[in-house]
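1. Structure of the sequence below:
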Amino acid sequence: MLMIRNIVFASLFVCAAFVALPAVAQDGRVVFVDLERVFDEFHKTKRAFEGLEQRAQENRAERDRRIARLQELQEQYQSAREISADTAMSEAVREEKRNEAIDLQLEIERYREQSEEVLMELAQAQQADEQRIQRRLVDEILERMERWGRQQGYLAVLDASGRAVTGVPLALYVDSRADMTDAFLEVLNAAR
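-> Take a look at the predicted model:
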């Protein structure tokens, strides 16, 4: 008898929880914010990524400069090879051009390897900066969101932009009355 009573009590508790949850959500106590949109529209995000774009342009300029130098070396190598094979030239000139071609081939390989290392280091440094800046911005957004949520008296602020591993949105449905993205963005961007 005691076991049946406990089962009934537990069942009533679970039912009450499911009934109370929608009531809490309708009361505006549980709200949703599209964190991806908040991140994109945060005024500090735009400024931070403008600086990163400057660095990306500098990296592209370095890559282009290195590609141009590599093409220049390859043209010199090709010219030296052609002259070294030209039977109209003296043997001394052809020998000199063969040696020049060998030296250029070695220089091309060294320059290619060096360029790959330099460009990889630049890309890794840029990626590390992007991650550091993104983490700092997200931390600030989350801190301010928590403060804002407490001030508004919300029980929870959930991210409506999240996706499961399968790509399905975590929040399958969000009533527009529970979407507080615009309200939070207004507060977040007001403190410029």
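
2. Give me the below-cutoff pLDDT ranges for the chain.
-> For the chain, applying pLDDT under 70 flags the ranges 1-28, 192.

3. cutoff 90 now
-> 1-29, 46-55, 86-89, 94, 160-179, 190-192 (pLDDT under 90).

4. helices or strands next to the longest helix anywhere in the chain in the packing?
-> For the chain, the helix with the greatest residue count under DSSP state H is helix 91-152. Helix 91-152 sits against strand 30-33, helix 35-41, helix 43-85, strand 156-159, helix 181-190, with contacts defined as 3 or more Cβ pairs under 8 Å, 6 or more residues apart in numbering; DSSP states H and E. (C-beta placed from N, C-alpha, C; glycine too.)

5. Is it possible to get TSV of these that adds distance to residue 143?
-> Below are the helices and strands packed on helix 91-152 laid out as TSV (distance: least, Cβ to Cβ, whole Å):
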stretch	distance to residue 143
strand 30-33	14
helix 35-41	13
helix 43-85	13
strand 156-159	12
helix 181-190	11
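
6. so of those, which one's packed in deepest?
-> Among the helices and strands packed on helix 91-152, ranked by average contacts under mean count of other Cβ atoms under 10 Å, first place goes to strand 30-33 (a mean of 22).

7. what's next to that strand, contact-wise?
-> Contacts to strand 30-33, defined as Cβ atoms under 8 Å, 6 or more residues apart in numbering, come from residues 21, 24, 145, 149, 152, 154-160, 171, 174, 178-181, 184.

8. What of stretch 116-128?
-> 52, 55, 56, 59, 62, 63, 66.

9. Which residue is the nearest non-sequential neighbour of the fifth one?
-> So that's residue 62. If the residues on either side of it in the chain are set aside, residue 62 comes closest to residue 122, at 6.5 Å by Cβ to Cβ, 6 or more residues apart in numbering.
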